[in-house]
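# quick one, fold the following:
(2 chains)
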Amino acid sequence: MSSQPHRRALLESAEFRHLVGRRWRMSLVLSALLFALYYGYILLIATNRALLSRRIGDATTLGIPLGAAVIAGAWVLTAVYVVWANRYYDAEAARLRARAERD
Amino acid sequence: MQTTLGTPTPSAIVFFLVIVALTLAVTYWAARRTRSTREFYAAGRSIGPLQNGLALAGDYMSAASFLGIAGLVALRGYDGMIYATGWLVGWPALMFLIAEPLRNLGKFTFADVVAFRLRQAPVRVASAFGAMLTLLFYVLAQMVGAGNLIRLMFGLSYEWAVLSVGVVMLAYVLFGGMLATTWVQIIKAVLLLLGVSLLTGLVLWQFHFSPGALYASVARQYGQAALEPGGLVTDPVDAVSLGIALMLGLLGLPHILMRFYTVPDAKAARGSVLYATGFIAYFYLIIPIVGFGAAALVGRDAIRAIDAGGNMAAPLLAELLGGTPFLGFIAAVAFATILAVVAGLTLAGASALSHDIFTHAIRKGHASEHEQIRIARFATVGFGIGAVVLGMLFKGQNVAFMVGLAFAVACSANFPPLLLSIVWRRFNTAGAVTSILSGAVLSLLLILLSPTVWVDVLHYPAAVFPLRNPAIVSMPVSFLCGIAASLLTREPDAEVRFDDEKLRTYLGIGAE
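Next comes the predicted model:
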């Protein structure tokens, strides 16, 4: 384990702050997209029933693929975060961790 | 249609015995690997992302979502599908907001994270109160549901059903701890996904693998309205409030949060959410096909004749398409589902009582490993007995709102302090306690005064509080109370420790 002054230096380093900042920006952007996706769908149902009831097949309504798209979209957003974190975040975190342990 | 539902057929009994034997064998295996608290509460942090993803899905996909949503779609059409989407969207939010910090900061319970840099006793007691409240409502709904469903499917009396769920799940948790509970969840999740996939495949086969033909058949019998939004979402405020409870309530469910400590690190926690979200998304995508299939092939009247709520839509469909053996399989899977969910809740309840209250609040963190395990097992038995007693007491009561209540309390009392403790330096003991108590009290009070309880259960003519779900009011109030109380008091230690914990939160340095 690294000593106290080194921990402090790492905490205050521009790289660490940058990493934490990027992590939360990513989280908040994806959360905003998730909210728009789900609450947009709910509010669309509440305010524009006719649109969701529009037929796109013999009987199939537009609401059915839209509902499925909300579910699929939620999974895609999760996957975007995981791919980003596995590629960028983990590499950067490992680099900073190594620095803390080397010092 | 003729049905063997409600009579214990040989195939149902065989499938049921095979599942119970398999899970008890796993428990026997796990019991020999469960000696320390780390093993009892967190399966020795040995679970991989795929396994934990399946176990999270197992914890979350209850009999209520399997049988209930299929029934809702069968009887009310498209509205059931709207409801299904709400059950998924919490998972990405869990990923973005708390999964990794939760894993890095905690040890066994989410209270570990809330109390990390605060004064232990008050925060532990308050967190355990929020956790227990959530778990009790959740387990009560599960037990009453179990009694009714098992009676409908096997013909076993309500009391015997509740008691047998209590005894079998206690065996899992008491002897096998988290390791056994995790594998029971995995077995259940695989069986459930398999059963629902088979059912979906059989339905689509009937319609030459054309969902459009299935919808056309539903529309011919019940009118185009079955495929259009109906009465579920009429008031936008109420709909958003329910959406908030379902989405953010997940981020405060103790038995779900606890699963993140079973994996070795934050990367594995992240992977497990992706797997869980995938399995659960798949489940909610195909469940409406089962529901529409039941409406088209079994018929709404036949479904209602067995159970007015529609819970038997999926089992009846299974019998129609796959005969008695398939019905037996589906019934046994539903039983396994209930067992696994109740086991997960019991383990979470035991950890709140023993790890948070006993070890940290009473013993100030100084209890021997041996003593902690002993208390954990006592708490397990206590919670299990409590669950059975509650199930018996509430026989015949309308408890459908209890799951909604559990989510409302979780998102109002547990989620705000958890998020604030992760992101806000100034958050302190006063803030945590105030936020938990205000969220818990307000969500309880508002749901009591809402149409859900005041009118539907207590039969008063008009509700005092207009919304069916209180989350849109109680969650913001909990955040505001937590922020206000923190700003009114100072706890310099907590602020200094916030900086220290950042390396652990974001880099995993020093994580358990």
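# what about the residue nearest to B:Val162 when sequence neighbours are not counted, how many residues nearby?
Closest residue to B:Val162 apart from its sequence neighbours, by Cβ to Cβ, 6 or more residues apart in numbering or on different chains: B:Gly391 at 4.0 Å. Backbone N, C-alpha and C define where each C-beta goes, glycine included. For B:Gly391, the neighbour count with other Cβ atoms under 10 Å in any protein chain shown is 27.
# how about the secondary structure of B:Gly391?
Put simply, B:Gly391 is helix when judged by DSSP: H, G, I helix; E, B strand; the rest coil.
# B:Ile150 is in contact with that one, correct?
No: using Cβ atoms under 8 Å, B:Gly391 is not in contact with B:Ile150, being 11.1 Å away.
# residues shared between the contacts of these two?
Shared contacts of B:Gly391 and B:Ile150, defined by Cβ atoms under 8 Å, 6 or more residues apart in numbering or on different chains, comprise B:Val165.
# that older thread, residues contacting the residue nearest to B:Val162?
So B:Gly391 contacts B:Leu140, B:Met143, B:Val144, B:Ala146, B:Gly147, B:Val162, B:Val165, B:Gly166 (Cβ under 8 Å, 6+ apart).
# any idea of the pLDDT on it?
Per-residue pLDDT puts B:Gly391 at 92.
# relative to B:Ala141, how far out is it?
Using Cβ to Cβ, to the nearest Å, B:Gly391 is found at 10 Å from B:Ala141.
# just B:Ala484 next, same as before
Taking Cβ to Cβ, one finds B:Ala484 at 33 Å from B:Ala141.
# equivalent analysis for B:Ile330, please.
21 Å.
# how about B:Ala213: what's its closest non-neighbour residue?
Per Cβ to Cβ, 6+ apart, closest to B:Ala213 is B:Phe207, 4.1 Å.
# I figured that neighbour hits B:Gly201, correct?
No: using Cβ under 8 Å, B:Phe207 is not in contact with B:Gly201; the gap is 11.3 Å.
# in terms of neighbours, single out the busier of these two.
B:Phe207 (19 against 14).
# could I get the contacting residues of the nearest residue to B:Ile98 once chain neighbours are set aside?
The shortest distance from B:Ile98 to any non-neighbouring residue, by Cβ to Cβ, 6+ apart, is to B:Leu251 (5.8 Å). By Cβ under 8 Å, 6+ apart, the contact set of B:Leu251 is B:Gly90, B:Ala93, B:Leu94, B:Leu97, B:Ile98, B:Leu257, B:Ala410, B:Cys411, B:Asn414, B:Phe415, B:Leu418, B:Leu419.
# so which strand or helix has the last one?
Taking DSSP states H and E as the definition, B:Leu419 sits inside helix B:415-423.
# what's the local residue count around B:Asn483?
One correction, residue B:483 is Ile, not Asn. Counted with other Cβ under 10 Å, B:Ile483 comes out at 18.
# ok, now the one 5 residues further on?
Neighbour count of B:Leu488, defined by other Cβ under 10 Å: 11.
# and for A:Pro5?
So A:Pro5, with other Cβ under 10 Å, has 9 neighbours.
# what's next to whatever helix or strand it lives in, contact-wise?
For A:Pro5, the host element (DSSP H and E) is helix A:4-12. Contact with helix A:4-12 is made by A:Ser2, A:Phe16, A:Leu96, A:Arg99, A:Ala100, A:Asp103, B:Asp499, B:Asp500, B:Lys502, B:Leu503, as judged by Cβ under 8 Å, 6+ apart.
# before we move on, the earlier item: highest neighbour count among the contacts of B:Leu251?
B:Ala410 (33 neighbours).
# ok, that residue touching B:Gly249?
Yes: assessed by Cβ under 8 Å, B:Ala410 is found in contact with B:Gly249 at 4.2 Å.
# any regions of chain A where pLDDT drops low?
A:1-3, A:102-103 (pLDDT under 70).
# show me what contacts the most centrally placed residue in it?
In chain A, the residue lying closest to the centroid (Cα atoms, centre = their mean) is A:Leu30, at 3.5 Å. A:Leu30 makes contacts with A:Leu77, A:Val80, A:Tyr81, B:Pro92, B:Phe96, as judged by Cβ under 8 Å, 6+ apart.
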